[in-house]
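>>> fold the following for me, if possible:
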Amino acid sequence: MKNSFFLMTLILIVLIGKTAQAQNMDPASDSVNYVYCQLVGTQRFLSTKVIVRVDFGQERKFFQDTRMRDEKTGDVQAFNSMVDALNYMGESGWEFVQAYVVTMGNQNVYHWLLKKRK
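Numbers count the residues shown, from 1 in each chain. Here you go, the predicted structure:
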């Protein structure tokens, strides 16, 4: 009797474990549903504004300009801060993922990773 109860309990645990495992989503498959971009911001010289470059992972030429530009005028767009740039990208459906800062000399270079559903 004790052996059959133990065997039934063991089978139940294995079955529950299998169904719980089947419901887990693979985190790697989740990244397939997104496209990513990186905002790279640098402080303008003698200004409080930030110039933001966008990296979509595209191939680019050596001297190609990747700074964000105004859609109407084509002028280089300067933002009040990186958060201002994030709000601008958020209006287009981009979501914040991660941020880090690299200090080069006396200047901070801000790197913000964003994602957007395909």
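>>> grab the nearest non-local neighbour of Val109.
Val102 (4.8 Å; CB to CB, 6 or more residues apart in numbering). Heads up, the C-betas are built off the backbone N, CA and C, glycines and all.
>>> relative to the whole chain's centre, how far out is the host helix or strand of the one you found?
Assigned by DSSP states H and E, Val102 belongs to strand 95-104. Taking the mean of its C-alpha atoms, strand 95-104 sits 10 Å from the chain's own mean (CA atoms, centre = their mean, to the nearest Å).
>>> and that strand, what's its mean pLDDT?
The average pLDDT for strand 95-104 rounds to 92.
>>> what do you get for stretch 43-57?
84.
>>> other residues contacting that stretch?
Applying CB atoms under 8 Å, 6 or more residues apart in numbering, the contact partners of stretch 43-57 are 35-42, 66-68, 76-82, 84-85, 107-108, 110.
>>> name the nearest residue to Leu114, sequence neighbours excluded.
Nearest to Leu114 is Trp94, by CB to CB, 6+ apart, at 4.3 Å.
>>> can you check Lys115 too?
That would be Tyr34: by CB to CB, 6+ apart, it lies 4.3 Å from Lys115.
>>> beta-bridge partners for the one you found, please?
Beta-bridge partners for Tyr34, by DSSP bridges, are Arg117.
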